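Asker: model this:
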Amino acid sequence: MVKNMSLDIRFTSRRNVICPHCNNIVMTEDVYCVDSGGRGWYPILESLGYYVPYDQRTEENDWYCKDMVLTTEQAKQVYTFIRKHPNLYNEDEVLGLIATALVDENAVVINANW
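Answerer: Modelled structure (predicted):
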């Protein structure tokens, strides 16, 4: 894996807006975003399947600059990763975003470019 590339990553808490009449999701709304960056994020992005080395990319696994909505388990994995790697840029804000999103049952979304 090439780790000398720069990385910009955005974490977003996104909630579903439910129609009060039919109880269907009518749209999603970004609640809060936190930007971060740096090479320290590559291990977790790779384990989530978000970052795939260039020579291994296909149309199905190329997430470059695309939103990935994390499962609850994946969001918890990111939270645990951050706790074990406390020198990530804006780590406290990302931890707060993830914790609040999980409590509020919002989705955690990542979007990165390198």
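
Asker: right, and Ile44 touches Phe81 too?
Answerer: Yes: counting by C-beta atoms under 8 Å, Phe81 is a contact partner of Ile44 at 4.3 Å. C-betas here are computed from N, CA, C, even on glycine.

Asker: Tell me which of these two has more neighbours.
Answerer: Ile44 (21 against 17; other C-beta atoms under 10 Å).

Asker: Mind telling me what element the more buried one is part of?
Answerer: Following DSSP states H and E, one finds Ile44 within helix 42-48.

Asker: How far away from the center of its chain is that helix?
Answerer: Relative to the chain's own centre, helix 42-48 is displaced by 10 Å; criterion: C-alpha atoms, centre = their mean, to the nearest Å.

Asker: That one packs against which elements?
Answerer: Taking 3 or more C-beta pairs under 8 Å, 6 or more residues apart in numbering; DSSP states H and E as contact, the helices and strands that helix 42-48 lies on are helix 72-84, strand 107-113.

Asker: Out of those, which is the most enclosed?
Answerer: Mean neighbour counts were compared across those using mean count of other C-beta atoms under 10 Å; the top stretch is strand 107-113, at a mean of 20.

Asker: quick one: average confidence on that one?
Answerer: Throughout strand 107-113, pLDDT has a mean value of 95.

Asker: secondary structure class for the residue in the chain sticking out farthest from the centre?
Answerer: Distance from the C-alpha centroid of the chain, by C-alpha atoms, centre = their mean, peaks at His21 (31.5 Å). Classification of His21 using DSSP: H, G, I helix; E, B strand; the rest coil returns coil.

Asker: I'd like to know how far it sits from Ser36.
Answerer: Distance of His21 to Ser36, given as C-beta to C-beta, to the nearest Å: 39 Å.

Asker: Which element, helix or strand, includes the nearest residue to Val17 once chain neighbours are set aside?
Answerer: In space, and not counting its chain neighbours, Val17 is closest to Met27: 4.8 Å by C-beta to C-beta, 6 or more residues apart in numbering. Secondary structure from DSSP H and E places Met27 in strand 25-37.

Asker: do you know how far the residue nearest to Val17 is from Ile18?
Answerer: Taking C-beta to C-beta, one finds Met27 at 10 Å from Ile18.
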